[in-house]
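*Asks:* Quick one, fold the following:
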Amino acid sequence: MQPRGANRRYGGIDFVKLAASYLVIAIHTGPLLTYDEYADFLITGILGRLAVPFFFMASGYLLFRKLTGNGRDDLVMINRYARRVALLYLAAIIIYLPLNVYKGDFAQGIHWLELARDIAIDGTFYHLWYLPALFIGVYIVYGLYRLLPLWALALGVCLLYAVGLMGDSYYGLAVRESHLKEVYEWMFARFDYTRNGFFFAPVFLAMGLYMGKRPAKAKGGYIYPVIFLISMGLLFLEGILLREAGYPRHDSMYIALLPAVYALFGMAMGIKISSTPRAGAIAQWIYLLHPAVLIAVRGVAGAAGMKPLLVDHSLVHYIAVCVLTTIVSILVARLLDRLGRLPLRPAKRR
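*Replies:* Numbers count the residues shown, from 1 in each chain. Model (predicted):
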């Protein structure tokens, strides 16, 4: 495990991860829906899409920066990390299994092929796709890194992302061509979204790898805020135009998301504030636990006759879910810290 003392090196990354976790909650609660649906789209359908890519890039940076070039040792490290992801995913599946039953996912019996697909790609609950995507993406990026020069790795993951784009925000273009439409229909018969470990995660993990392997003197720079502002302007323009054109099948993948997330991560690295591994763990647990807390808030509000305030008012609902999820996540992170089992932190090399 990594030391538990303050660490200014990753403080900015952990700070942005915490902020990103609250953006994920916003995506699933729609905090501005009570006031204006379009304003909510700008927050949840565009700005909020920075969150999960940042998680992937942070994971790629923290993991791949430890690659030594020794194939055997590196593979041991990758396998150890993947095993921890798998164990965390198993725990999450068990946590959400009662909610799967409550939702009626097994009301018609267990369809084993669909269950296998959900476990391997889509996630057994709507947000758990992140963990199999991380697992798959890590091995794709590491395999490409071992086989190809960096420029070819970058080309490969960008091509994968392009395939994903056409099944996501640019789906309206894909269905115009009959053969391409058939390809995506075949794909969607096998998984729900192209936002997965094959097409979405690799490019951001590779960006983290690249950031981790850059020379130290090249890692800082005033250029990141400039790139970020320009990219965010392009991201909002892209998202708005695609929505008006009616192209998106889903709205997780944008072209401008790539430079925006890269610049955001560069700025995060420049924030020198004290942090501990627990801070990053809290962000991970907020992501993993917020749907359960969301359902609990709705259940308690209904039983207490407070549904008009705690559920129907979208902003109050969002705040309530954020506060309670944060409390639960801090408690879980503290408990696991005591046990020495913080999630998704690559072990420090001895």
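
*Asks:* Mind jotting down where the strands sit in the protein?
*Replies:* Shown for the chain, no strands are assigned by DSSP state E.

*Asks:* In it, spot the helix with the most residues.
*Replies:* helix 71-103 (DSSP state H).

*Asks:* helices or strands up against that one?
*Replies:* With contacts taken as 3 or more Cβ pairs under 8 Å, 6 or more residues apart in numbering; DSSP states H and E, helix 71-103 sits against helix 51-64, helix 130-147, helix 277-303. Any C-beta I mention is one placed from the backbone N, CA and C, and that applies to glycine too.

*Asks:* Turn the ones you listed into TSV, columns for distance to residue 124 and mean pLDDT.
*Replies:* As requested, the helices and strands packed on helix 71-103 are exported to TSV (distance: least, Cβ to Cβ, whole Å; pLDDT from 0 to 100):
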stretch	distance to residue 124	mean pLDDT
helix 51-64	17	96
helix 130-147	9	97
helix 277-303	12	92
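
*Asks:* circling back: what's the spacing between the longest helix of the chain and its chain's center?
*Replies:* 15 Å (Cα atoms, centre = their mean, to the nearest Å).

*Asks:* What residues sit buried inside it?
*Replies:* Buried residues in helix 71-103, counted by 16 or more other Cβ atoms under 10 Å: 74, 77-78, 81-82, 84-85, 88-89, 92-93, 96.

*Asks:* Check stretch 139-157 too.
*Replies:* 140-142, 144-145, 153-154, 156-157.

*Asks:* farthest-separated two in these?
*Replies:* Using Cβ to Cβ, these span at most 14.6 Å, a distance reached by 142 and 154.

*Asks:* Tell me who's in contact with the spatially most central residue of the chain.
*Replies:* Taking Cα atoms, centre = their mean as the criterion, residue 52 is the residue nearest the geometric centre of the chain, at 2.5 Å. Residues counted as contacts of residue 52 (Cβ atoms under 8 Å, 6 or more residues apart in numbering) are 20, 24, 130, 252.

*Asks:* Thought residue 171 was touching the last one, still the case?
*Replies:* No: here residue 252 lies out of contact with residue 171, judged by Cβ atoms under 8 Å, at a distance of 11.4 Å.

*Asks:* residues touching residue 290, list them.
*Replies:* Contacts for residue 290 (Cβ under 8 Å, 6+ apart) come out as 21, 24-25, 28, 127, 321, 325.

*Asks:* In JSON lines, list the residues you listed along with neighbour count, distance to residue 226 and pLDDT.
*Replies:* Shown next, in JSON lines, are these (neighbours: other Cβ atoms under 10 Å; distance: Cβ to Cβ, whole Å; pLDDT from 0 to 100):
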{"residue": "21", "neighbour count": "26", "distance to residue 226": "26", "pLDDT": "97"}
{"residue": "24", "neighbour count": "21", "distance to residue 226": "27", "pLDDT": "97"}
{"residue": "25", "neighbour count": "24", "distance to residue 226": "30", "pLDDT": "98"}
{"residue": "28", "neighbour count": "15", "distance to residue 226": "32", "pLDDT": "96"}
{"residue": "127", "neighbour count": "18", "distance to residue 226": "33", "pLDDT": "95"}
{"residue": "321", "neighbour count": "27", "distance to residue 226": "35", "pLDDT": "98"}
{"residue": "325", "neighbour count": "26", "distance to residue 226": "34", "pLDDT": "98"}
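
*Asks:* Can you flag which of these belong to helices?
*Replies:* 21, 24-25, 28, 321, 325.
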